[in-house]
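Undergrad: With the input below, show me the fold.
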Amino acid sequence: MNTTEQGGFITRLRAKLNKGDSWLTYDLANLLPGQGLDDDALEEIETRLLTADVGVEATMMIVDHLRAEANAGRIRNAEQLRKAITDVMGGILDPVSEPLDIPDFIRPYIILMVGVNGAGKTTTIGKLARRFQQEGKSVLLAAGDTFRAAAVDQLKTWGERNNVPVIAQGQNADSASVIYDAVQAAKGRGIDVVIADTAGRLHTQGHLMEELRKIKRVVQKHDAYAPHEVMLVVDATTGNNALNQAIQFHEAVGLTGITVTKLDGTARGGIVFAIAKRLGLPIRFVGVGESADDLGQFDARAFIAAMFER
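TA: Numbering: from 1, shown residues only. Next up, the predicted model:
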């Protein structure tokens, strides 16, 4: 995505995040009725942070920072309050603002996509395929979600739309076998990137988590370091449940990146902070809509700025 496209995405992100009534669109001046930030105002900020899905750990970090700044006399107006909030938020998000880098010496580069049903995983795969194509890379998709015929059809539709080959087998075929074949095909065709779909599963379903571990083992027969990216897709509208999913998927299969979708469906982008504070995993992309251009590279400072600008 070039600078112009990224700028357009940030404009859409700002519009989506600020379309609802939450602490993100609240006039910070309303929290400073006097000459400083008092306990009532801090309590109000804490409530708004928790309501915005920021999570307990990140909220406590933000509120403690604001209290310290207020006690030091450095928060006396709305602009100082905004700066203090954005500074501490940046401290949480900057370490996880890490783009997905596909080095030239790894071919094919294998991305394993995981997540629960309804998070937007298959749609994200299609958007990533288009993105990588625009960067000049060849892409192959593996239809590893063999439990839902609709998932295979959806992936094939994305493949046809973007002229990307899709390796698929019949319904209820062995997912690991499908993905193994896809990697083998990619090696034979000189493909740059393989994106493998997997069955959407609840993070509480132990046997399905074991299937993911099996897929990883099988793919490693091609490349001991594969998959090179294990990307979890989470739905921003599910709030704290998205954090629970991230924790349990990470424990089960070792995530290397996260994509947060459906930020257009909620005015509360706080779940990004909750995940960043708890896990410290790279947040690769955020999604704000259905079109291919509505998936953008995550940029911590642009994301924070989008929260406060109307």
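Undergrad: switch to C-alpha atoms for all contacts and neighbour counts from now on
TA: Noted.
Undergrad: Pretty sure Ile75 sits against Glu69.
TA: Yes - Ile75 is in contact with Glu69 according to CA atoms under 8 Å; the separation is 6.2 Å.
Undergrad: Mind listing the shared neighbours of those two?
TA: When contacts are counted by CA atoms under 8 Å, 6 or more residues apart in numbering, Ile75 and Glu69 are jointly contacted by Ala84.
Undergrad: Those two - which one has more neighbours?
TA: Neighbours were tallied for Ile75 and for Glu69 using other CA atoms under 10 Å; the higher tally belongs to Ile75 (22 against 17).
Undergrad: Which pLDDT value goes with that one?
TA: Per-residue confidence at Ile75 stands at 92 (pLDDT).
Undergrad: and it, backbone torsions?
TA: Its backbone dihedrals place Ile75 at phi -130, psi 100, with angles given as degrees, to the nearest 10.
Undergrad: do you know how far it is from Arg67?
TA: For Ile75, the distance to Arg67 equals 9 Å [CA to CA, to the nearest Å].
Undergrad: Residue ranges in this structure under the pLDDT threshold?
TA: Low-confidence segments of the chain, defined by pLDDT under 70, are located at 1-7, 18-27, 29, 33-35, 202-206, 265-268, 309-310.
Undergrad: where along it do the strands fall?
TA: Assigned by DSSP state E, the strands in the chain fall at 109-114, 139-142, 166-167, 193-196, 229-235, 257-261, 283-287, 295-297.
Undergrad: Pick out the residue nearest the middle of this protein.
TA: With distances taken as CA atoms, centre = their mean, the chain has Thr259 as the residue nearest its mean C-alpha position (1.9 Å).
Undergrad: Which residues are in contact with each of Ile75 and Arg67?
TA: Any residue near both Ile75 and Arg67 by CA under 8 Å, 6+ apart counts here, and that gives Leu37.
Undergrad: so which of the strands of the chain gets nearest His222?
TA: Each of those was checked against His222 via CA to CA, and the shortest separation belongs to strand 109-114, namely 10.3 Å.
Undergrad: between the closest one and strand 257-261, how many degrees?
TA: Interaxial angle, strand 109-114 versus strand 257-261 (axes from the mean of the first three to the mean of the last three CA atoms, to 10 degrees): 50 degrees.
Undergrad: Go ahead and name everything in contact with strand 109-114.
TA: Under CA under 8 Å, 6+ apart, the answer for strand 109-114 is 102, 121, 125, 183, 192-200, 226-233.
Undergrad: picking up where we left off before, please look at the residue nearest to the centre of the chain and Leu232 and confirm they touch.
TA: Yes - the criterion here is CA under 8 Å, and Thr259 meets it with Leu232 at 6.2 Å.
Undergrad: in the stretch 151-300 of the chain, which spans are helices?
TA: Counting by DSSP state H, counting those that start in this stretch, one finds helices in the stretch 151-300 of the chain at the ranges 175-189, 206-219, 240-253, 271-279, 300-308.
Undergrad: so which of the ones you listed comes closest to Val56?
TA: For these, proximity to Val56 was assessed by CA to CA; helix 271-279 is nearest, at 7.7 Å.
Undergrad: other SSEs contacting the closest one?
TA: Judged by 3 or more CA pairs under 8 Å, 6 or more residues apart in numbering; DSSP states H and E, helix 271-279 is in contact with helix 56-71, helix 78-93, helix 240-253.
Undergrad: repeat that for 10 Å
TA: helix 56-71, helix 78-93, helix 240-253, strand 257-261, strand 283-287 (3 or more CA pairs under 10 Å, 6 or more residues apart in numbering; DSSP states H and E).
Undergrad: That helix to helix 78-93, inter-axis angle?
TA: Here helix 271-279 points in a direction 50 degrees away from that of helix 78-93 (the same axes, to 10 degrees).
Undergrad: and the angle for helix 271-279 with strand 229-235?
TA: Computed by the same axes, to 10 degrees, the angle separating helix 271-279 from strand 229-235 equals 130 degrees.
Undergrad: Could you list the buried residues of helix 271-279?
TA: Burial within helix 271-279, assessed by neighbour count using 16 or more other CA atoms under 10 Å, is assigned to Ile271, Val272, Phe273, Ala274, Ile275, Ala276, Lys277, Arg278.
Undergrad: highest average neighbour count across the helices of the stretch 151-300 of the chain?
TA: Comparing the helices of the stretch 151-300 of the chain by mean neighbour count (mean count of other CA atoms under 10 Å), helix 271-279 comes out on top with a mean of 23.
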